[in-house]
Every structure is written in structure tokens, then in C-alpha cells.
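Engineer: Need a 3D model of the sequence below.
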Amino acid sequence: MTPTTPQPPTLPTLDYWPTKLMTPMKDEWPRLRCRFINADPVGAWDDVILSEWELEACGWEDFHPHTETNFLLQGELHIETDGKTVILKPGDSARVNPGRTGRYWAPVYAHMFTIYGPNPQGLESHSFRYFEI
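Structural biologist: Numbers count the residues shown, from 1 in each chain. The predicted model follows:
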């Protein structure tokens, strides 16, 4: 009998996500716009979720069970968690670790790219709060 070599699972050669428009999170939150690029953060996910956000003189707060890494493209973004605040300038990034409430605000404008870490248990974000500056 000839031994066989295990074969890795077959994966698609390419994943593609067509462009989506950036839209307000909710109609009553017009200054907070986003688009989720490769998936929506609903239920469990084992990969990362990519998103793009714009804040215009507003802020956002939520508790999330996954990491959230923000990379600032334009403007100025303030991030606060557990009493510590950082101010990002273009090219800066910061991560809020899982199990924390993150508070994000732009006194004038912020445009950022965000990466949500895996959430294999499908735990939900909560304690959402929007505010205008």
C-alpha cells in the first residue's frame, strides 16, 4: 500500500467584495457613516472584518467582545477606554482590546479604516451611544 499525503482543504483562489457606499449608521445619526467591506459584524466570525468610517463633529461609544483596531486616514480621532485617551493623527493607529467599552470622537472630522478581530463565539456588541459635538 502506498502512503498518501494529506491534502489541505480547497479554498477559493480569490475573495472579492464589490464597493458599497458609505451610509449613516442610522437615519438619526447622520454624522456617523460607515461601510463594512468584507462582512457584516453579526453572529460569529473567525476571520477579521474590515470597515471604513467617517465621523463629522460627533462621537460613538460601544462595548465589544472583539478587538477593534483603528487606522486614521484623515483628520483627528480621539479614542478613550478604561480612563485612558489617545489622539490619533493621520497614519496613527490604536486598538481597543476585547471586553472593553470604546469611545471614539472627532471634534471636527475623522476618516478611518477599522479591523474587528475574530468573534468566534458570536458575542454581541452593545451599549451603543451616539453624540454630536
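
Engineer: tell me, what residue is most central in this protein?
Structural biologist: Geometric centre of the chain, nearest residue: residue 114, 3.9 Å, by CA atoms, centre = their mean.

Engineer: Please report the distance of the closest residue to that one other than its chain neighbours from residue 13.
Structural biologist: Spatial nearest neighbour of residue 114, excluding adjacent residues (CB to CB, 6 or more residues apart in numbering): residue 51 at 4.7 Å. C-beta: built from backbone N, CA, C; applies to glycine. According to CB to CB, to the nearest Å, residue 51 stands 25 Å off from residue 13.

Engineer: Counting neighbours, go ahead and name the busier of the two.
Structural biologist: Legend: neighbour count by other CB atoms under 10 Å for residue 51 and residue 13, higher for residue 51 (20 against 5).

Engineer: On the pLDDT front, check the more buried one for me.
Structural biologist: Looking at residue 51, its pLDDT stands at 97.

Engineer: For the strand or helix carrying it, what is the distance to the chain centroid?
Structural biologist: Assignment of secondary structure by DSSP states H and E places residue 51 within strand 49-64. Distance, stretch centre to chain centre, for strand 49-64: 7 Å (CA atoms, centre = their mean, to the nearest Å).

Engineer: Could you check that strand and say which residues are buried?
Structural biologist: 49, 51-56, 58-64 (16 or more other CB atoms under 10 Å).

Engineer: could you redo those residues as a markdown table and give each row distance to residue 121?
Structural biologist: Shown next, in a markdown table, are these (distance: CB to CB, whole Å):
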| residue | distance to residue 121 |
| --- | --- |
| 49 | 15 |
| 51 | 20 |
| 52 | 26 |
| 53 | 24 |
| 54 | 30 |
| 55 | 29 |
| 56 | 34 |
| 58 | 30 |
| 59 | 28 |
| 60 | 23 |
| 61 | 22 |
| 62 | 17 |
| 63 | 15 |
| 64 | 12 |
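
Engineer: Appreciated, that's everything.
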